[in-house]
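Q: need a structure here:
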Amino acid sequence: MKLLKKIKSVFNLLILFLILFCLSACRMKAEQKSLTYRLEIIDSLIAQNQKKQAFKELKKVQKKAVDSWSYLGVYKRYLQIAQNEPAEKLIKKAVKRHSNNPELLAVYSKYLINNGRYDEAEKLAEKLKNTKYGSVYSEIYLRKALQKNTSEDAFTYFIDQPFFQIFFDAYNGSKNPLWLKNCAVHMLYTGELKKAASLNPEFYADADDAYFWATVLYDGGEYYDSINAVEKSKQFLRDYQNSNLYRVSQIAQIALESDSFMALSDFEGAENIRQEIIPTIFDLPKKEGDDSLIPVIMVNSALWAQGLKDADAEADLLFDIVTNYPDFVPGLILYADFAYESSLEREEDDEVKALRRAGISSLAMEKYDNRRKIPLSDALYRIDLCLTKGPEPYLEMEKLDLEYKANRNITEKEKTRDLWTILERNYVEGEKYKELLVQYALNFLLRTKQTEDAYNLFDKYIYDRYGFNDKEGFFVQFAERVKEINLPMAEFGGYFSCLTKNFSEALRIYEFCVYESGGITSDGQISTRVGTAACMNLSDMYFANGEKQRAMDLYGKTAGREVNNKLRSDIFFRLANIYVSEGDNKNALRSADYAYSIDNENERALLLRTKLRVMQ
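A: Model (predicted):
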């Protein structure tokens, strides 16, 4: 019986609690309805410009405010009638009572910002970081930073400081794509290229926005995504007849998209993109920077035509380049090379000679006789004209090359003398010219087997240029500081370190050149800037170290990005040798066979193929 009475007592208490809770809830709902009703009356008074009466009513109503939304409702109406002081007192009271409410913190912080009280606002908004109101804290932080940094070095300050989260919160709060761009620029500046690319938004605002992200994606090695972004940018440009609305031009879009295709080793795809504008390239509207892109686009198309042995297309492009851009050095050099090649006469067999004596020409003979030619004298004239405007070491070297080719009687000793004369004459012209000349000189000296002179020149240049000391080994310093050294010289460093048997340093140097020099450090991704020779040398080092699979992987990727069939043939010949060392004669024969099929002058591939066939 006692137990039954206790149960009844507890039950009665629960019923009483529920009744009180329901009454309290009903009372709160009634109060909310009453507050909402009174705020509606105040809104009506404000609309009728009865601000004094509205103010009296607000002072009464604020006593009924209990939750964040009721406080905010009264606060907002105080501001509408320009009663800032009571508005601040109310919102301050609300924040004190609900100190972790993000809405109240955001609203009061914004009030303080608008009144220039940044220190108070920063302290209050600290809790808003990494929330949906994080942009409020970002605004405070940036305003304070701008007050301190109004000089020309403000950009460096904003990049060097840990502003990424500030920018990102600002983007989350406003959805303004400019903040996300700031995040990307910050990461690009700090070398986090992949992370910058990962910020790529789902949608683009306009042609400029899409083009910006295309460049970020390209730098981050996301070439397919970069192509997609350029296509979006092109679509925006097509949809608006007034292209002056945008900073980006069709020329810049094509340049970037074709580069992305080339980075993917899709050279035909790159040429297809360039052909979208090549026929009308000089008639297109130009924006700032386009004049530097047009000759590059045309030279790349000329090189493509050269690879296809389409002399007519190559000659047309080169003539347009040197006519419209007479000081564009790569165009002049390619023009001069075409002039020399077209001036050569091929050796003809007895049958062709007999036909000529008889006054008969086959279709093949007519085609050869009518091939496009550029006078060598015209190429030399254009080079001389450019050189009168200022020193251009590459052009000087090209002119020397033409003279050497035209006069086979010039000895290697005389060529070397000319080389040292040009080096001495231009050595004081500035860092750019010095390095270009040194690179050319090193190539010439190595090609003519003057290895000791080449090494001494390289050693002296690096010591002077980068301030190496005598305490540590030369190549130890080179490997440690390889990121500071321009890529062509770094590749020479790899070669000379191998030559001097500094193999561990050579491995580090070549791995930087092959995998890191493009700024992207994804495993196994080859830099778009590195030369094929460096990739092949690193593959050889892997093979020599017993890392056969790494060697084969790198050889395969190198072959995929190389367009020169002689180099590709050499790569497949080396792959065949690795297969032989593995006892895999089937794949060795396949590689040797392919090496010879793409270059029938590769006698080593032919010899290996013959040997493997005998062994079958």
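Q: show me the contacts for the most centrally placed residue in the chain.
A: Nearest to the geometric centre of the chain sits residue 219, at 1.6 Å (C-alpha atoms, centre = their mean). If you count contacts by C-beta atoms under 8 Å, 6 or more residues apart in numbering, residue 219 has them with 188, 193, 196-197, 519. In short, each C-beta sits where N, CA and C put it, glycine included.
Q: Taking those together, which two end up most distant?
A: Spanning the widest gap among the contacts of residue 219 are 197 and 519, at 11.2 Å by C-beta to C-beta.
Q: Okay, residue 214 and residue 240: tell me how far apart.
A: 18 Å (C-beta to C-beta, to the nearest Å).
Q: Comparing the two, which shows the higher neighbour count?
A: The residue with more neighbours, out of residue 214 and residue 240, is residue 214; 29 against 12, by other C-beta atoms under 10 Å.
Q: what's the following helix or strand after the helix or strand containing that one?
A: Assigned by DSSP states H and E, residue 214 belongs to helix 207-219. Per DSSP H and E, the first helix or strand lying C-terminal to helix 207-219 is helix 223-239.
Q: Report the angle between that next one and helix 207-219.
A: Computed by axes from the mean of the first three to the mean of the last three C-alpha atoms, to 10 degrees, the angle separating helix 223-239 from helix 207-219 equals 160 degrees.
Q: which other residues reach helix 223-239?
A: Residues outside helix 223-239 that contact it (C-beta under 8 Å, 6+ apart): 197, 200, 204, 206-208, 210-211, 213-215, 217-218, 243, 246, 248, 250, 253, 256-257, 260-261, 263-264.
Q: re earlier: residue 197 and residue 519: which is more packed in?
A: Shown here are residue 197 and residue 519; by other C-beta under 10 Å, residue 197 has more neighbours (22 against 16).
Q: residues contacting the more buried one?
A: 216-217, 219-222, 225 are the contacts of residue 197 under C-beta under 8 Å, 6+ apart.
Q: Would you convert these into TSV that also reports pLDDT and distance to residue 504?
A: What follows is the contacts of residue 197, written out as TSV (pLDDT from 0 to 100; distance: C-beta to C-beta, whole Å):
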residue	pLDDT	distance to residue 504
216	93	36
217	94	36
219	90	31
220	88	31
221	86	28
222	91	33
225	95	37
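Q: neighbour-wise, which of those leads?
A: Result: residue 217 is most packed of the contacts of residue 197 (other C-beta under 10 Å), 27 neighbours.
Q: Apart from its neighbours in sequence, what residue is nearest residue 269?
A: residue 261 (4.1 Å; C-beta to C-beta, 6 or more residues apart in numbering).
Q: In the contacts of residue 197, find the pair that's most separated.
A: 219 and 225 (11.7 Å).
Q: so what's residue 542 closest to, chain neighbours aside?
A: With sequence-adjacent residues excluded and distances taken as C-beta to C-beta, 6+ apart, residue 542 is closest to residue 551, at 3.9 Å.
Q: so how many other residues sit close to the one you found?
A: By other C-beta under 10 Å, the residues close to residue 551 number 22.
Q: That one: helix or strand, and which one exactly?
A: Here residue 551 is assigned to helix 548-561, by DSSP H and E.
Q: Residue 478 too?
A: Using DSSP H and E, residue 478 sits in helix 474-480.
Q: what mean pLDDT does that helix have?
A: Summarised as a single mean, pLDDT over helix 474-480 is 94.
Q: Now for residue 530: which residues touch it?
A: Counting by C-beta under 8 Å, 6+ apart, residue 530 makes contact with 487, 491, 513-514, 517-518.
Q: what's the nearest residue to residue 68 if we skip its chain neighbours?
A: Using C-beta to C-beta, 6+ apart, the nearest residue to residue 68 is residue 101, at 4.9 Å.
Q: Spell out the residue ranges of the helices in the stretch 451-600 of the chain.
A: With DSSP state H, counting those that start in this stretch, the ranges of helices along the stretch 451-600 of the chain come out as 451-466, 474-480, 487-499, 503-511, 532-544, 548-561, 565-581, 585-598.
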